[in-house]
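Novice: Fold the following for me, if possible:
(one chain, ligands or ions: 1)
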Amino acid sequence: MEPTADKPGKPSANAGTERFSFIGVTTSKSAIMRVFPAWAEHLGLGDVVVHGYDLPLHASPERYREVVEVLRSSPLELGGLVTTHKIDLFTACRDMFDYVDPYAELCGEVSCLSKRDGLFWAHAKDPISSGRALDEFVEAGYWGSSGAEALLFGAGGSNLAISLHLMTGRPPEDRPQRIVVVNRSPGRLESMRSVHQRLTTDVKVEYVHNADPRENDELLRQLPAGSLVVNGTGMGKDSPGSPITDDAIFPERALVWELNYRGELDFLHQAERQQKARGLAVEDGWRYFIHGWACVVEEVFDVAMTPQVVRDLSRLALVVRSG
Ligand SMILES: NC(=O)c1ccc[n+]([C@@H]2O[C@H](COP(=O)([O-])OP(=O)(O)OC[C@H]3O[C@@H](n4cnc5c(N)ncnc54)[C@H](OP(=O)(O)O)[C@@H]3O)[C@@H](O)[C@H]2O)c1
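Specialist: Now for the predicted structure:
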């Protein structure tokens with residue numbers, strides 16, 4: 001069950017072996033290439049390899065259709081996960097799917113391709129996977145009893161998914177009082193607002209166009225105790241720095257979530273420095289990574305992701321991560 005990576009459209013290096021595909025930019029660098037074989041063995045998925053399709057950022061619609069056609073038409077292709085290209089691929093290939101789930105329709109993106117009864121399915125799993133990760137450190141009933149709010153730095157795909165979970169994932173009495181979303185460019189805020197306008201929810205959202213970390217410090221200062229603060233900007237991994245300054249002060253008992261688990265992680269370290277004094281709960285993106293892949297494996301292979309199965313997969317992934 002060795003990982004493989006091909007250029008789009010090339011036939012499999014292991015003809016006859018089933019494939020779980022990963023459409024990204026530099027797929028061979030992802031930990032999942034080493035983690036998946038261990039998961040496949042543990043789950044008894046049979047003779048299946050993880051297979052990467054590397055496409056450049058904003059590839060042409062023809063290239064997306066070429067790759068998706070391979071996945072759709074080959075009986076050896078079982079489905080897979082889409083990263084980075086979620087919106088572009090969905091836009092280029094919308095008519096190629098037999099079923100599109102409500103989150104994919106709502107967000108205009110696809111992160112999971114799968115097959116059922118000869119039909120080709122598209123799902124957007126991020127609202128579910130980010131919700132599962134969040135629910136691990138935000139206990140049921142938390143929002144109703146705490147009066148806490150949420151401050152999301154970045155209005156990209158991940159924070160959109162997290163906002164959907166916060167606004168609709170729990171019963172109305174267990175949702176934050178208010179969500180503040182900050183983004184560097186206005187376009188992402190407008191896209192997010194247009195998705196939110198299609199929801200039935202009573203959660204109030206404020207959209208802040210800002211890239212000045214001192215202004216973000218001030219937004220942080222205004223939050224009630226216990227609020228959730230998420231770094232979904234990619235700063236500290238995809239780009240240097242943090243959306244806040246070293247002078248920023250987190251609210252007491254804040255829940256602080258850095259979506260990445262590797263890189264400089266400046267924001268995570270800023271929170272860790274205040275963790276004890278201010279009673280913060282600080283999380284990185286490792287569990288989000290696990291749930292993201294587990295959700296897709298669940299859909300593609302029709303495996304029930306019970307808490308025990310997720311614990312097993314997490315343990316196996318940790319062995320690979322630290323190996
Ligand atoms: N652990 C996991 O498994 C996992 C899963 C998903 C994502 N992630 C990580 O989470 C991060 C976000 O992912 P994504 O898919 O949401 O990325 P994305 O779509 O690129 O969104 C990032 C957003 O942050 C904004 N931004 C950047 N710097 C900012 C600043 N200083 N202040 C305010 N906004 C700023 C960008 O604004 P512009 O519109 O101006 O570009 C963009 O809208 C990435 O680093 C990704 O690697 C981790």
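Novice: List the residues that contact the residue in the chain that the ligand sits nearest to.
Specialist: Using CB to the nearest ligand atom, residue 156 is the residue of the chain that sits closest to the ligand, at 1.8 Å. For every residue, glycine as well, the C-beta is placed using N, CA and C. The contact partners of residue 156, by CB atoms under 8 Å, 6 or more residues apart in numbering, come to 188, 232-234.
Novice: what about 7 Å?
Specialist: Neighbouring residues of residue 156 by CB atoms under 7 Å, 6 or more residues apart in numbering: 188, 232.
Novice: Over to residue 83?
Specialist: residue 24.
Novice: how near is it to residue 39?
Specialist: 17 Å (CB to CB, to the nearest Å).
Novice: Also residue 186?
Specialist: 40 Å.
Novice: is any part of the helix or strand hosting residue 308 close to the ligand?
Specialist: Using DSSP states H and E, residue 308 sits within helix 307-322. No - under the criterion of CB under 6 Å from any ligand atom, the ligand is not reached by helix 307-322; the shortest gap measures 11.1 Å.
Novice: For the nearest residue to residue 71 once chain neighbours are set aside, list the residues it contacts.
Specialist: Sequence neighbours aside, residue 77 is the residue nearest to residue 71 in space, at 4.5 Å (criterion: CB to CB, 6 or more residues apart in numbering). Counting by CB under 7 Å, 6+ apart, residue 77 makes contact with 19, 21, 70-71.
Novice: beta partners of residue 77?
Specialist: Beta-bridge pairing of residue 77 under DSSP bridges involves residue 19.
Novice: Got the phi and psi for the closest residue to residue 213 other than its chain neighbours?
Specialist: Nearest residue to residue 213 in three dimensions, chain neighbours excluded: residue 245, at 4.8 Å (CB to CB, 6+ apart). With angles defined as degrees, to the nearest 10, residue 245 sits at phi -90, psi 170.
Novice: Can you give me the distance of residue 245 to residue 157?
Specialist: Counting by CB to CB - residue 245 and residue 157 are separated by 26 Å.
Novice: just to revisit the earlier point, how about the helix holding residue 308: buried residues?
Specialist: If you call a residue buried by 16 or more other CB atoms under 10 Å, then helix 307-322 has these buried ones: 309-310, 313-314, 316-317, 320.
Novice: one step back: for the residue nearest to residue 71, give its distance to residue 214.
Specialist: 50 Å.
Novice: re earlier: which two from the contacts of residue 77 end up farthest apart in space?
Specialist: Farthest-apart pair in those is 19 and 70; separation 9.5 Å (CB to CB).
Novice: May I have the secondary structure class of residue 23?
Specialist: Secondary structure, DSSP: H, G, I helix; E, B strand; the rest coil: residue 23 is strand.
Novice: quick one: secondary structure of residue 114?
Specialist: strand.
Novice: I should have written residue 233 there, sorry.
Specialist: coil.
Novice: of all the residues in the stretch 51-200 of the chain, which ones are close to the ligand?
Specialist: Near the ligand, when you scan the stretch 51-200 of the chain using CB under 6 Å from any ligand atom, you find 153-159, 182-185, 188.
Novice: Pipe the residues you listed into CSV and attach secondary structure and pLDDT per row.
Specialist: Listed next are these as CSV, based on DSSP: H, G, I helix; E, B strand; the rest coil; pLDDT from 0 to 100:
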residue, secondary structure, pLDDT
153, strand, 98
154, coil, 97
155, coil, 96
156, coil, 92
157, helix, 91
158, helix, 94
159, helix, 96
182, strand, 98
183, strand, 97
184, coil, 95
185, coil, 94
188, helix, 94
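Novice: Narrow these to just the buried residues.
Specialist: 153-159, 182-184, 188.
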